[in-house]
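**Student:** Provided below are the primary sequence and the corresponding predicted coordinates.
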2 protein chains.
Amino acid sequence: MGFDRLIEHIREMQNPTVAGLDPKLDYVPKFIRDAAFASSSDPLEAAASALLTFNKGLIDALCDVVPAVKPQCAYYEMYGWQGMRALVETIAYAKAKGMYVITDGKRNDIGATMQAYAAAHLGTTAVNGEQVAAFDADALTVNGYLGTDGIKPLTDICKTQDKGIFVLVKTSNPSSGELQDQYIGDKTVYRVMGDMCETWGADTRGAYGYSAVGAVVGATYPQQLSELRKALPHTFFLVPGYGAQGGGARDVVPAFDQNGDGAIINSSRGIMCAYQKRGCDEHDYAMAARAEAVRMRDDIAAALRESKGE
Amino acid sequence: MGFDRLIEHIREMQNPTVAGLDPKLDYVPKFIRDAAFASSSDPLEAAASALLTFNKGLIDALCDVVPAVKPQCAYYEMYGWQGMRALVETIAYAKAKGMYVITDGKRNDIGATMQAYAAAHLGTTAVNGEQVAAFDADALTVNGYLGTDGIKPLTDICKTQDKGIFVLVKTSNPSSGELQDQYIGDKTVYRVMGDMCETWGADTRGAYGYSAVGAVVGATYPQQLSELRKALPHTFFLVPGYGAQGGGARDVVPAFDQNGDGAIINSSRGIMCAYQKRGCDEHDYAMAARAEAVRMRDDIAAALRESKGE
């Protein structure tokens, strides 16, 4: 219940980070692309095959040091249904390797339609008398603009099937403030959304005090991270914006509670494209990703120790 | 540019409505399901095949009386990548029959990731030196919670490829007010979002004065529809909530401008499930859908005439 499985995973590995799997074809080493395009004449099928090979290499290299992966739907959808097939296979592969999988889809809708998204990404679909899992991640990112009607179908599945969601609260991008920083009475929109997360999650709390309704809060806004950590004691944070978007290890410290729990920090391009940044041979992309994941883990651990005056 | 193609289509057919294609398997007649499950042992493949057959029958029956269809992504995603393949094929089939296609995905993200969604649903993806269309709809629904960073990649494609988007402004569901009706200064959140639509669309206006950045405004809130129609003169409305959700023809009248342009009204279950409501033989589902679409067209036309005192 709540995010217990994820939290236990993080504790075992002493690593509160998640590797984003956002495999644009440009990020995939040429030797993988060449093999994929030699094996299929359908460009989307070939592209999807390249993504899957790339992801499997990353997962193999990361699965004993990083507790979770976060595939971003957009980078699979842009390669059509063939790309969505690569997403299904990526999720299955990562789970088989013991990783916790957060599908970053930012899905949102109401009633029966949100039930369909919940079934698609976290639950199962009834087909001819069978219950079939379609994408079957452990958690899904969602957008709460439509209110409770869009969240209830998800929390129902979180409770019965031990899954989680992350609601967009304060996003990492430069224009996030256009709406999110506006004031409703004496509270910002992001704070109103954060308070709703506490309400939505109230009856889904796990052993560590965190509910199954988490929040997305960007590393690029450390002051808001700190404010929200205090205000939302039962809401687990997914924190994008470390690395490529400009957030550093000190910026993410406020996301954690005094036990060092309460948040998981994402890096996507930093890990996936480490071989490009380090100037490695492209055949070593997975080892470069692992080295960067270890560096990021140690970077955050050092910042956490420093913040405690250790 | 703007929504010119859609507006011309509506005028030709004298029908400002769109048929939602939200094909839950429960809505598909048994004879179609039986044939699909006899042809494949993979449950998701069989389900996807049933959806596609159902949709093609609806499109054939509707394409000369209804200008547009709106497939809802969730109902395809719940059947996995196989369902997404049925979505690709549904969109292609509807376009081949001359219909305007609005993919209802409520997608949202930032920067490069939103570019990936834009490429996926409206534009093309670069694959091995080719530009390949993945889903290729005419328009996409999106969520603006993340601000301009999440919209700009879409308007870029709207301009170069004559596509459109609909941003969630005031949604049709009961809990939409939890955030959307709150006040930021003297404006509601939905009004702030509506004003952003006017800004985002400013340089994408077409021949009829409407930009390529439309808004979703629910039929279940006629007062807000009326307020927003006056406040957002360049923003075309996609109006859900007619029929099954409780909105009637008089409720949607305020969505239109004085020329009878400016909005398209959606019905999903009302049309798809007309054969169940009318107690028809299930083999006649497509003709029942057509009869309901014609009834809806005439219902709205009568309400529009009545409102003008004709």
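**Tutor:** Yep, it's here.
**Student:** give me the most central residue, chain A.
**Tutor:** Closest residue to the average C-alpha location of chain A: A:Lys70 at 3.9 Å, with C-alpha atoms, centre = their mean.
**Student:** so what strands line up beside the helix or strand harbouring it?
**Tutor:** Here A:Lys70, judged by DSSP states H and E, is contained in strand A:68-71. Strand A:68-71 sits in its sheet next to strand A:17-21 (parallel), strand A:100-107 (parallel), going by DSSP bridges.
**Student:** show me what that strand is in contact with.
**Tutor:** Residues from elsewhere that reach strand A:68-71, judged by C-beta atoms under 8 Å, 6 or more residues apart in numbering or on different chains: A:6, A:9-10, A:17-22, A:55, A:58-59, A:62, A:87, A:90-91, A:94, A:99-104, A:238, A:264, A:266, A:268. The C-beta positions use only the backbone N, C-alpha and C, and glycine is treated the same way.
**Student:** so A:Ala219 sits right up against A:Asp251, yeah?
**Tutor:** Yes. At 5.0 Å, A:Ala219 and A:Asp251 qualify as touching, with contact defined as C-beta atoms under 8 Å.
**Student:** who's more crowded, these two?
**Tutor:** Under the neighbour definition other C-beta atoms under 10 Å in any protein chain shown, A:Ala219 and A:Asp251 were set side by side, and A:Ala219 has more, 27 against 21.
**Student:** A:Leu58 is in contact with A:Ala286, correct?
**Tutor:** Yes. Taking C-beta under 8 Å as the definition, A:Ala286 is a contact partner of A:Leu58 at 5.8 Å.
**Student:** of these two, which one has the most company?
**Tutor:** Set A:Ala286 next to A:Leu58 and count neighbours by other C-beta under 10 Å: A:Leu58 wins out with 25 against 19.
**Student:** setting aside sequence neighbours, what's the nearest residue to the more buried one?
**Tutor:** Distances taken as C-beta to C-beta, 6 or more residues apart in numbering or on different chains place A:Ala289 nearest to A:Leu58, at 5.4 Å, with adjacent residues excluded.
**Student:** with A:Gln182 instead?
**Tutor:** Spatially, and ignoring its direct neighbours in sequence, A:Gln182 is nearest to B:Ile184 (4.4 Å; C-beta to C-beta, 6+ apart).
**Student:** again, but for A:Pro254
**Tutor:** A:Ser226 (3.6 Å).
**Student:** can you give me the neighbour number for the one you found?
**Tutor:** 14.
**Student:** and for A:Asp186?
**Tutor:** A:Asp186: 6 neighbours (other C-beta under 10 Å).
**Student:** still on that earlier bit, any idea which helix or strand comes after the strand holding A:Lys70?
**Tutor:** Using DSSP H and E, the helix or strand that follows strand A:68-71 in sequence is helix A:74-77.
**Student:** list the residues that contact A:Asp136.
**Tutor:** By C-beta under 8 Å, 6+ apart, the neighbours of A:Asp136 are A:Val88, A:Ile91, A:Ala92, A:Lys95, A:His121, A:Leu122, A:Thr124.
**Student:** could you list which of those also contact chain B?
**Tutor:** Residues of these in contact with chain B (C-beta under 8 Å from any C-beta of the partner chain): A:Val88, A:His121.
**Student:** where do the strands sit along the stretch 101-250 of chain A?
**Tutor:** Counting by DSSP state E, counting those that start in this stretch, the segments of the stretch 101-250 of chain A that form strands are A:125-127, A:130-132, A:139-142, A:164-170, A:183-184, A:187-188, A:213-217, A:237-239.
**Student:** what average pLDDT does the last one get?
**Tutor:** Right, strand A:237-239. When pLDDT is averaged over strand A:237-239, the result is 98.
**Student:** mind checking how far A:Met272 is from chain B?
**Tutor:** A:Met272 is 12 Å from chain B, where distance means C-beta to the nearest C-beta, to the nearest Å.
**Student:** that residue contacts A:Leu58, correct?
**Tutor:** Yes. Using C-beta under 8 Å, A:Met272 makes contact with A:Leu58 at a distance of 6.8 Å.
**Student:** need the residues touching each of these two.
**Tutor:** The contact lists of A:Met272 and A:Leu58 share A:Ala19, A:Leu21, A:Ala289, where a contact means C-beta under 8 Å, 6+ apart.
**Student:** count of neighbours near the first one?
**Tutor:** Using other C-beta under 10 Å, A:Ala19 is surrounded by 30 other residues.
**Student:** show me what contacts it?
**Tutor:** A:58, A:62, A:66, A:68-70, A:266-268, A:271-272, A:289, A:293.
**Student:** same deal with the second one?
**Tutor:** Under the criterion of C-beta under 8 Å, 6+ apart, the neighbours of A:Leu21 are A:Asn55, A:Leu58, A:Val69, A:Lys70, A:Pro71, A:Gln72, A:Tyr75, A:Thr90, A:Ser268, A:Met272.
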